[in-house]
Each structure stands twice: as structure tokens, then as C-alpha cells.
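Undergrad: Structure for the following, please:
(one chain, ligands or ions: 1)
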Amino acid sequence: MGKSFSKHSSSTFSPSKFIPSNETQIIGAQVCHDICRELWGQNFIAPIHNELKNDDFKVLDVGCGPGSWVCELANDFRASCYGVDIQPTFPTQKPRNAQFHIANILNGLPFDDNFFDYIHVRFMIMFFTQEEWETKVIVELFRVLKPNGYLEFVEGDAMLNMPTSLKPLSKSGYPLLSQNSLPCLIRFECFLQETNKLENICHERKQLILGDWSNNPLQNKLGTLLLGLIRQSFKNHQDIFYSYISKKDFDKLLEQLPMDCNWSKAYIMFHRFVGKKKLAEN
Ligand SMILES: C[S@@+](CC[C@H](N)C(=O)[O-])C[C@H]1O[C@@H](n2cnc3c(N)ncnc32)[C@H](O)[C@@H]1O
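TA: You can find the predicted model right below:
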């Protein structure tokens, strides 16, 4: 397959460090889900509203984390909703039509071929190398997706509009700072096209400010929440930054980040890609 969209190689990046595991990180993932839903006004853009009313319509969320997206969809619709994750941070209480499974997609998903009508994958781009995406992840997603089923990805990029004070941290491997630049995501669209297995590929974007520099109250509310999550996440992973910045400078940076974001009008661009699996390969 053609151009590269994933800048990290398995030797320089350790995704397992960024898998949410403790309670703070799990709550962070849930708040992040709320921010996404509020920003888009919905949990998906695939044209499946009517189909979701049927209990035989099967939905899969890959890398579902604490399962907020799955539970919400299962609460809102009758469809059968499945979540898989390499780590079982699944909810203890869930709707009747929701189920969760532990699985590492790199080793294959525990489902039959052509099983799902719709697959949702959010904030996973950085967890796999280019080669893994091409030879394992996308292959597995297409295996379990029915012909005419929809595949939807949600990702965010921040590098272009982060305050310059964060530049020293860009080599640290922290996902938000290291690889999800806009060009990566444009190439992700090319990557999906080059699979030649999807039709009607649609790419939508939504900007979310960081901090509260907008004159839009919803943007300010979500931007403040997101910045809080990012600061907390920097703190959780502070050890990875100390090769690039002293502890004293790091603490100062965190303290000044809200001001820096407002001053530089920082924002993150969120992207959604959706396409329909072709009946047969051309
Ligand atoms: C950044 S979190 C996103 C969680 C969720 N999709 C969301 O939007 O809130 C990435 C998730 O992918 C999971 N993950 C990472 N590698 C995986 C793999 N090889 N197979 C399955 N899940 C994986 C992590 O455990 C984590 O829950």
C-alpha cells in the first residue's frame, strides 16, 4: 500500500504505556467520550439510524475502553452492541443488549466472518504501526464486517495548533504530540481508499478549541474539559517527558498551559471517516 500515515515504528513507540488502566484514566476516557458526543451532537455519522432499531443489527466498537460508547448506543437503540478491548476495563453494569470481550485485534477478533453490520474504531490510529494497520488491523476489520456494512473511524490531531511551549515534548512519544498531525489523517483517508474495499468514503472534521478562548459557550465548556484531561494525562505520564525537559520546567509548563493555549488559540481537529464495505472487490 502507498503512502505512510503512521509515523511511529514499533521500536520507538510503546503504545501499552497509553492504555487507560487506573481509575483516573478510566474516568478520563469517559469524559473524553462525553466531549466527543457533545462536539458532534451524535455518536456516529454512518447512515444507520433506522437499522439500529432492529435487535438483529450488530455493532462492534474496537478498542472500546471502559465501554461508554457501547453502553450509550445500546441504551439508545435495540441493536446488539459488542465492545472489544485488549484490557478489561469494562463496566460492571451494562444494558441487556451490550456485551464485552477481551481481545487483541492483532491476534484476531473472536467473531465469525461477515458478522457485523457496523464497526466503530475511535482513537486507535497510534496504537499500531503502519505495517500492523495494513497487514492485520484493517484485514481483521474487513473480515468481520458484512458486505454493505459500515466502517467508521474517529481520530484527533493536535500538532499543528499546539502552543510552542509544548514543542520540546514532541519527541517524547506522547500520542497527541507526536504523530497525529493533519497530514497523517489525510493519508489515513488515502489508506482507506487504497484498500479498495470501501465505497462512499466520507471524511468530516470538527474543530475543538483547547481552553476557553472562543466566544462560543459550548466550545469553551468542552475546550476547558479537554484541556483539563490533557493536563491530567501529561501528569500521569510525566516520567516520559523528563528526558526532554526538567521536572521544574515541566511543572511550570503545566501551570502555564491554559494561558498558553488561550494565547496561541490552540485547538484540536477531530476527524471522522466512514465508508461502506463493497459487495465484492473490483
Ligand atoms: C485511546 S483508547 C480509546 C478508547 C475508546 N475507543 C474511546 O474512544 O474512548 C485506546 C483503546 O484501545 C485499546 N487497545 C490498544 N491496543 C489494542 C489491541 N491491540 N486490541 C484491542 N484493543 C486495543 C486500549 O486498551 C484502549 O482502551
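Undergrad: C-alpha from now on. contacts and neighbour counts both.
TA: Fine.
Undergrad: Wait, Leu229 touches Ile26, no?
TA: No: applying C-alpha atoms under 8 Å, one finds Leu229 not in contact with Ile26, separated by 11.2 Å.
Undergrad: Flag every residue of the stretch 1-150 of the chain that's near the ligand.
TA: Counting by C-alpha under 6 Å from any ligand atom, the stretch 1-150 of the chain comes close to the ligand at 19-20, 29, 33, 63-65, 85-87, 103-106, 122-124, 127.
Undergrad: out of the residues you listed, which are buried?
TA: Taking 16 or more other C-alpha atoms under 10 Å as the criterion, what is buried in these is 20, 29, 33, 63-65, 85-87, 103-106, 122, 127.
Undergrad: Report the two of those residues separated the most.
TA: His33 and Leu106 (24.1 Å; C-alpha to C-alpha).
Undergrad: Can you point out the helix or strand that includes Leu257?
TA: helix 247-263 (DSSP states H and E).
Undergrad: Which strands and helices lie in contact with that helix?
TA: Applying 3 or more C-alpha pairs under 8 Å, 6 or more residues apart in numbering; DSSP states H and E, we find helix 247-263 packed against no helix or strand.
Undergrad: okay, now Gln42: neighbour count?
TA: Other residues near Gln42 come to 9 when the count uses other C-alpha atoms under 10 Å.
Undergrad: Doesn't it belong to a strand?
TA: No: checked against DSSP: H, G, I helix; E, B strand; the rest coil, Gln42 lies outside a strand; its state is coil.
Undergrad: ok, now which ones touch Leu141?
TA: Ile119 (C-alpha atoms under 8 Å, 6 or more residues apart in numbering).
Undergrad: again, but for Asp117
TA: Applying C-alpha under 8 Å, 6+ apart, the residues near Asp117 are Phe57, Lys58, Val59, Leu145, Lys146, Asn148, Gly149, Tyr150.
Undergrad: Among these, name the ones in strands.
TA: Lys58, Val59, Leu145, Lys146, Asn148, Gly149, Tyr150 (DSSP state E).
Undergrad: Can you flag the buried ones in those residues?
TA: Counted by 16+ other C-alpha under 10 Å, the ones in strands among the contacts of Asp117 give Lys58, Val59, Leu145, Lys146, Asn148, Gly149, Tyr150 as buried.
Undergrad: JSON lines please, covering the residues you listed and showing pLDDT.
TA: Shown next, in JSON lines, are those (pLDDT from 0 to 100):
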{"residue": "Lys58", "pLDDT": "98"}
{"residue": "Val59", "pLDDT": "98"}
{"residue": "Leu145", "pLDDT": "98"}
{"residue": "Lys146", "pLDDT": "98"}
{"residue": "Asn148", "pLDDT": "98"}
{"residue": "Gly149", "pLDDT": "98"}
{"residue": "Tyr150", "pLDDT": "98"}
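Undergrad: Among those residues, which one sits closest to the ligand?
TA: Val59 (13.8 Å; C-alpha to the nearest ligand atom).
Undergrad: ok so, going back, from the buried ones among the residues of the stretch 1-150 of the chain next to the ligand, which ones fall inside strands?
TA: Going by DSSP E, the strands hold Asp85, Arg122 from those.
Undergrad: What about Phe188, how many residues nearby?
TA: Phe188 has 19 nearby residues by other C-alpha under 10 Å.
Undergrad: what are the phi and psi angles of it?
TA: phi -60, psi -40 (degrees, to the nearest 10).
Undergrad: For it, give its distance to the ligand.
TA: 17 Å (C-alpha to the nearest ligand atom, to the nearest Å).
Undergrad: Any idea how many residues pack against Lys92?
TA: If you look again at residue 92, you'll see it is Thr, not Lys. 6.
Undergrad: That one belongs to a helix?
TA: No: Thr92: not assigned to a helix; according to three-state DSSP it is coil.
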